[in-house]
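1. When you get a sec, could you give me coordinates for this:
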Amino acid sequence: MRRVALIYNPASGQYSARRKAAIEQVLAVLREAGAEADAFVTETPGSATTHAQGAVRAGFDTILACGGDGTVHEVLQGIVGTEVALGVVPLGTANALAANLGLVGSPAKAARRLLAAERVRIPVGRIHFQNGGAAPDSRYFVVAAGVGADALLMARLDPVLKRRLGYVLYLVEAFRIWATDPFPYFEAVFLKNGNGGARVAQVSQLLAVRVRSFGGALRKFAPGATLLGRDLRLVAFGTRSRLRYLRFLLAVLAGRHTFGREIELVETETVECRTVNGSTDVLYVEADGEVLGHLPARMETVPDALTLLVPEGAEP
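-> Presented below is the predicted three-dimensional model:
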């Protein structure tokens, strides 16, 4: 690292001083190692992308996203297709990418590991969707993207409560959705050119996973998923049964989940998602924990898209 830009969300209230202190620790580690390091504060949604684009133009060779997966997601939009490397310092509620890379512990410890990290070129996911203005849009993703109940969960999370309650809020809202949502079906068209063309299935939840592990209890959620993968690794729920959902998620928590006809593990190049004919359900789309819009949607991978800092011993 020669020139490093730190992009971080200052949070609010009691968390702002703690976050600022963490950033100062990271800056100190980088500067002691001889790097030129500057910090940029996000102020509004999307400003992390703007800062990332500005850092690229200014000649920074590395950008550290200091926050959770949402901060990583915004920074990602500004650097895909460039040679600037992305590193992650976990400071958010959800830190799946950091957990996947083994970046746990204090921000200063993460910074020290990133100083010695390997620069690895990886594919990223891309999702096309309809945004809030009903216009076509797209985003890159590096952790996961989904349609259905998981996107509804993200839409229901209150940002203030998420900072206060953390994963407790995720569990509360997940239970509410499990107990009340009808899990409406939509159509998924799996496209794999080298394997006989398209297959159409009705599903109630679809999750494209790019990481080996989300950390915590969701390790190995989608076996075979990897940041190096050129195809999509999809978990497709072909059921609306609350009992089947519950049994599968409990098995995930126990590390004993399997796949079959009702809940499939699918590898494909592209998947297109659309509402079932005659349906009036509004189905949300999310990527890296950020609610983006609604169906129709298409997911794919973009090869050779991102330089990622991978710490020694980590499996991307």
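2. So for the helix or strand where Ala297 lies, mean pLDDT?
-> Secondary structure assigned from DSSP states H and E places Ala297 in strand 290-310. On average, the pLDDT along strand 290-310 is 96.
3. Name the residues of that strand that are buried.
-> Under the neighbour-count criterion of 16 or more other CB atoms under 10 Å, strand 290-310 has 290-301, 305-310 buried. Every C-beta, even on glycine, is put in place using the N, C-alpha and C of the backbone.
4. Tell me where the model's unsure across the chain.
-> Across the chain, the ranges flagged by pLDDT under 70 are 12-15, 160, 162-163, 166-167, 193-196, 217.
5. Can you tell me the SS state at Ala179?
-> Secondary structure, DSSP: H, G, I helix; E, B strand; the rest coil: Ala179 is helix.
6. And for it, the neighbour number?
-> Other residues near Ala179 come to 8 when the count uses other CB atoms under 10 Å.
7. quick one: contacts for it?
-> Taking CB atoms under 8 Å, 6 or more residues apart in numbering as the criterion, Ala179 is in contact with Arg242.
8. for Tyr284, same thing?
-> 147-148, 151-152, 154-155, 291, 293-294.
9. Equivalent analysis for Pro182, please.
-> Counted by CB under 8 Å, 6+ apart, Pro182 has contacts Arg240.
10. Next, count neighbours for Arg242.
-> For Arg242, the neighbour count with other CB under 10 Å is 14.
11. Touching, it and Trp178? I think so.
-> Yes - the pair Arg242 and Trp178 qualifies as a contact (CB atoms under 8 Å) at a distance of 6.2 Å.
12. Which stretches in the stretch 1-150 of the chain count as helices?
-> With helices called from DSSP state H, counting those that start in this stretch, the stretch 1-150 of the chain shows them at 14-32, 47-58, 69-79, 96-100, 107-115, 149-156.
13. Would you check that Thr99 makes contact with Gly216?
-> Quick fix: residue 99 reads Ala, not Thr. Yes - the criterion here is CB under 8 Å, and Ala99 meets it with Gly216 at 7.2 Å.
14. who has more neighbours, those two?
-> Neighbours of Ala99 and Gly216, each counted by other CB under 10 Å, are more numerous for Ala99; the result is 22 against 12.
15. And the closest residue to Val72 other than its chain neighbours, how close does it get to Ala55?
-> Excluding its sequence neighbours, the residue lying closest to Val72 (CB to CB, 6 or more residues apart in numbering) is Ala65, at 4.5 Å. Computed as CB to CB, to the nearest Å, the Ala65 to Ala55 distance reads 11 Å.
16. Also Asp61?
-> Distance from Asp61 to Ala55, counting by CB to CB: 9 Å.
17. Between the two, which has more neighbouring residues?
-> Per other CB under 10 Å, whichever of Asp61 and Ala55 has more neighbours is Ala55, with 25 against 18.
18. nearest residue to that one other than its sequence neighbours?
-> Ala5 (3.9 Å).
19. isn't that neighbour right next to Phe40, touching?
-> Yes - the pair Ala5 and Phe40 qualifies as a contact (CB under 8 Å) at a distance of 6.1 Å.
20. okay, and the common contacts of these two?
-> Residues touching both Ala5 and Phe40 (CB under 8 Å, 6+ apart): 51, 55.
21. Comparing these two, which residue is more hemmed in?
-> The residue with more neighbours, out of Ala5 and Phe40, is Ala5; 23 against 19, by other CB under 10 Å.
22. Could you tell me which residues make contact with the more buried one?
-> Ala5 neighbours (CB under 8 Å, 6+ apart): 37-40, 51-52, 55, 58, 60, 62-64.
23. again with Thr226
-> Counted by CB under 8 Å, 6+ apart, Thr226 has contacts 210-212, 233, 315-316.
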